[in-house]
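**Student:** what follows is a predicted protein model with its sequence.
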Number of protein chains: 2
Amino acid sequence: MARYDLVGIGNALVDVLVTIEDDFLDSNGLPKGSMNLVGSDQSDAIYDTLPPGVEVSGGSCGNTMAGFSALGGAGAYIGKVRDDGLGKIFLHDMKSMGVDCPIKPTEDGPATGRCLVMVSPDAQRTMATYLGAAVDLGPDDIDAETIQDSKVLYMEGYLFDPEAAKQAFIKAADLAHEAGRKVSLSLSDPFCVDRHRDAFLALVEEHIDILFANEDEVKSLYRVEDFDAALQHVRGHCEIACLTRSAQGSVVLSGEDVHIIDADPIGDKLTDTTGAGDQYAAGFLYGYTQGFDLATAGKMASIAAAEVVCHYGARPEVHVRDLIREKLAV
Amino acid sequence: MARYDLVGIGNALVDVLVTIEDDFLDSNGLPKGSMNLVGSDQSDAIYDTLPPGVEVSGGSCGNTMAGFSALGGAGAYIGKVRDDGLGKIFLHDMKSMGVDCPIKPTEDGPATGRCLVMVSPDAQRTMATYLGAAVDLGPDDIDAETIQDSKVLYMEGYLFDPEAAKQAFIKAADLAHEAGRKVSLSLSDPFCVDRHRDAFLALVEEHIDILFANEDEVKSLYRVEDFDAALQHVRGHCEIACLTRSAQGSVVLSGEDVHIIDADPIGDKLTDTTGAGDQYAAGFLYGYTQGFDLATAGKMASIAAAEVVCHYGARPEVHVRDLIREKLAV
């Protein structure tokens, strides 16, 4: 009996949501709709000129853990924040959602990471992300007890840029496996996969039991042009692979098992695809850790992903658990 | 070395394409866009009042054989026609497309089957089908030599209503298997599957190597609500199953192999879905009989299906073989 169903390791970021006029983007040289990685100074400079905003703890893995906890799973989160205002917001938000955070905020070094989300009058989102403290995550930040006491470990691929984070990944995966736990990974981003293809391939091959990837990511991982070719590559390379295809649903593979999971229908309600992959992982891992079969876990994932794309923001706004109960009669 | 790559058995029908005004449908009690099975008298009555039309040999399996032959496959066709005007048109058209027809037209009994296709000014198609001679197909019509001398036998599910046609199916399948050939079947229609579910299940289980079914048909066959459940049922029940999903492409299953084949993109050119399944089967069976792997055969099928839905009519209008060569570099 594990204390946690799921422990996540990710980039601890606070989203700062601000409504702006279009000329604000022009004067800061930000193309509308783009996602920009910025340094501390640029982030501060933009933030200083922004009107008042709304702060919400975020980050890909943070969103997954928030969704997982809301579904009723027992979750913990490991990431790196500074002992500053945004760091306090991050930890407070996660704890208030029922996610334990065995994290000691750093007392020096970079500030807590943040993603400035600038919403234009036409509802387009332009992002400027400063990773801050998050990118300094290393092996020392991995809380062994929490990892060993969680059924499944979940890690986001975004973390995979700095060398120390890679070492933290391997350490966490080894700790989990030694304790008889499962290790899962979300590839997160085709460009990140492209930068670290060999390392990702080795990671998937040697350390990952459950892989999440969207179509572009898995095609990038195996350097192939079509989805079916990627699917043939991934079979047998990890215990379970969940390959997502937006409106075309997803494919869940496990050994000889293949399940084709339709997207949960949303009619014309598509609003903002941010967080679809994060909530898909939350839904699947909830089903998996509660002992449901793969097809049912996949359907739970589809329902969670469909909910989050029908509104702005990367976290669920309604009780997805009720939606699942109603739609799947479980 | 077989003389033919493919021999088809189907309802031999001639399509009569006529442009009409909407009030013609009202005065004949035909709901616009519907597919109506009519008797000889009603078919004659409608035909007598129709303006001049264009006759084209048709029927689901006939369309597949026409597409298969146009791709370069050596094909033969078995079906039942009367020695009347439409019967001559049917045989002439098939032969002129390079499809051999070892058929002796009947000298009495029902007239050659026809499908009156009435095209309204808004391009909607209303159909009145009289099956005629086609429904009398029985074991005696099965030309043993042709079956034994074809790599693959292909049969359409539409034929499966009358008892004599079922016996013809079994006889043809046995002849093919005794000669070491493969037997394929298209389920054709979810309502037909619903009427004969047990017989279809027994047929698939005992006689079919390669099954073609669209999503509705395979769900009807196994009485399940979702595609994935149907997919789990069909695995292992025949050597190869090709499950088509319209714009969502298709899934090709064979033992442990699973291939997810995307639909060939058509942009906004969707015009008329008639014949999509027929040409999918033509493309797949062409690839299969020419020794291509399953994924490549599936892609050929997608290209052939995409071509036919971009124009009116159930047979290809361009050289699909060139499209395939260009797109797949084979």
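**Tutor:** Alright, I've got the coordinates.

**Student:** now the strands for chain A?
**Tutor:** Listed in chain order, the strands of chain A (DSSP state E) span A:4-9, A:13-19, A:35-37, A:54-58, A:75-78, A:99-100, A:113-119, A:125-130, A:150-156, A:182-186, A:210-214, A:240-244, A:250-254, A:257-261.

**Student:** could those strands go into JSON lines alongside mean pLDDT?
**Tutor:** Listed next are the strands of chain A as JSON lines, based on pLDDT from 0 to 100:
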{"stretch": "strand A:4-9", "mean pLDDT": "98"}
{"stretch": "strand A:13-19", "mean pLDDT": "90"}
{"stretch": "strand A:35-37", "mean pLDDT": "83"}
{"stretch": "strand A:54-58", "mean pLDDT": "84"}
{"stretch": "strand A:75-78", "mean pLDDT": "97"}
{"stretch": "strand A:99-100", "mean pLDDT": "96"}
{"stretch": "strand A:113-119", "mean pLDDT": "91"}
{"stretch": "strand A:125-130", "mean pLDDT": "89"}
{"stretch": "strand A:150-156", "mean pLDDT": "97"}
{"stretch": "strand A:182-186", "mean pLDDT": "97"}
{"stretch": "strand A:210-214", "mean pLDDT": "97"}
{"stretch": "strand A:240-244", "mean pLDDT": "98"}
{"stretch": "strand A:250-254", "mean pLDDT": "97"}
{"stretch": "strand A:257-261", "mean pLDDT": "96"}
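
**Student:** would you convert those into CSV that also reports mean neighbour count and distance to B:Ile142?
**Tutor:** C-betas here are computed from N, CA, C, even on glycine. What follows is the strands of chain A, written out as CSV (neighbours: other C-beta atoms under 10 Å in any protein chain shown; distance: least, C-beta to C-beta, whole Å):
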stretch, mean neighbour count, distance to B:Ile142
strand A:4-9, 28, 61
strand A:13-19, 21, 69
strand A:35-37, 15, 64
strand A:54-58, 21, 68
strand A:75-78, 28, 64
strand A:99-100, 22, 68
strand A:113-119, 24, 69
strand A:125-130, 21, 65
strand A:150-156, 26, 58
strand A:182-186, 25, 56
strand A:210-214, 25, 50
strand A:240-244, 25, 45
strand A:250-254, 22, 41
strand A:257-261, 23, 37
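
**Student:** of all these, which one comes closest to chain B?
**Tutor:** Ranking the strands of chain A by proximity to chain B (C-beta to the nearest C-beta) places strand A:257-261 first, at 4.4 Å.

**Student:** quick one: strands adjacent to the closest one?
**Tutor:** strand A:250-254 (antiparallel) (DSSP bridges).

**Student:** tilt between the strand it pairs with and strand A:240-244?
**Tutor:** Relative orientation of strand A:250-254 and strand A:240-244, computed by axes from the mean of the first three to the mean of the last three C-alpha atoms, to 10 degrees: 170 degrees.

**Student:** just the CA trace of strand A:250-254, in PDB.
**Tutor:** Presented in PDB, the C-alpha positions along strand A:250-254 are these (Å, rounded to 0.1, in the frame of the first residue of the first chain):
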ATOM      1  CA  SER A 250      -5.500   8.500 -28.900                       C
ATOM      2  CA  VAL A 251      -3.900   5.100 -29.100                       C
ATOM      3  CA  VAL A 252      -2.900   3.100 -26.000                       C
ATOM      4  CA  LEU A 253      -0.400   0.300 -26.600                       C
ATOM      5  CA  SER A 254       0.700  -2.300 -24.200                       C
END
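
**Student:** list the contacts of that strand.
**Tutor:** Contact with strand A:250-254 is made by A:231, A:234-235, A:239-245, A:258-261, A:263, A:280, A:284, A:294-295, A:297-298, A:301-302, B:260, as judged by C-beta atoms under 8 Å, 6 or more residues apart in numbering or on different chains.

**Student:** at 6 Å instead, please
**Tutor:** A:235, A:240-244, A:259-261, A:294, A:298 (C-beta atoms under 6 Å, 6 or more residues apart in numbering or on different chains).

**Student:** which one of those residues is nearest to B:Thr49?
**Tutor:** A:Ile260 (48.2 Å; C-beta to C-beta).

**Student:** name whatever forms a beta bridge with the closest one.
**Tutor:** A:Val251.

**Student:** who's in contact with it?
**Tutor:** A:251, B:228, B:231.

**Student:** please apply the same query to A:Asp143.
**Tutor:** Counting by C-beta under 6 Å, 6+ apart, A:Asp143 has contacts A:Pro102.

**Student:** sorry, back to before: out of the contacts of A:Ile260, which is nearest to B:Tyr130?
**Tutor:** For those, the nearest to B:Tyr130 is B:Leu231 (36.5 Å; C-beta to C-beta).

**Student:** the helices in the stretch 1-150 of chain A, which residues?
**Tutor:** Remark: helices assigned in the stretch 1-150 of chain A by DSSP state H, counting those that start in this stretch are A:22-27, A:40-49, A:60-71, A:85-96, A:144-148.

**Student:** which of those sits closest to A:Ala172?
**Tutor:** helix A:144-148 (5.4 Å).

**Student:** what's the mean pLDDT across that closest one?
**Tutor:** Helix A:144-148 carries an average pLDDT of 97.

**Student:** which neighbouring elements make contact with that helix?
**Tutor:** Counting contacts by 3 or more C-beta pairs under 6 Å, 6 or more residues apart in numbering or on different chains; DSSP states H and E, helix A:144-148 is packed against helix A:163-178.

**Student:** any stretches of the stretch 101-250 of chain A with poor pLDDT?
**Tutor:** In the predicted model of the stretch 101-250 of chain A, no residue satisfies pLDDT under 70.

**Student:** near chain B, which residues of it are found?
**Tutor:** Applying C-beta under 6 Å from any C-beta of the partner chain, we find that the stretch 101-250 of chain A lies next to chain B at A:228, A:231.

**Student:** try 7 Å
**Tutor:** By C-beta under 7 Å from any C-beta of the partner chain, the residues of the stretch 101-250 of chain A that approach chain B are A:226-228, A:231, A:248.

**Student:** and the residues you listed, which of them are buried?
**Tutor:** A:227-228, A:231, A:248 (16 or more other C-beta atoms under 10 Å in any protein chain shown).

**Student:** export the residues you listed to CSV and tack on distance to B:Ile208?
**Tutor:** Formatted as CSV, these follow (distance: C-beta to C-beta, whole Å):
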residue, distance to B:Ile208
A:Phe227, 28
A:Asp228, 24
A:Leu231, 26
A:Gln248, 28
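
**Student:** show the contacting residues for the nearest residue to A:Gly39 once chain neighbours are set aside.
**Tutor:** Excluding the flanking residues, the one nearest A:Gly39 by C-beta to C-beta, 6 or more residues apart in numbering or on different chains is A:Tyr130, at 6.7 Å. With contact taken as C-beta atoms under 7 Å, 6 or more residues apart in numbering or on different chains, A:Tyr130 is in contact with A:38-40, A:43, A:113-114.

**Student:** please apply the same query to A:Ala164.
**Tutor:** A:137-138.

**Student:** how near is it to chain B?
**Tutor:** Note on A:Ala164: its distance to chain B, by C-beta to the nearest C-beta, to the nearest Å, is 38 Å.

**Student:** returning to what we had before: list the beta-bridge partners for the residue nearest to A:Gly39.
**Tutor:** The partner residues for A:Tyr130, given DSSP bridges, come to A:Arg114.

**Student:** fine by me, thanks again.
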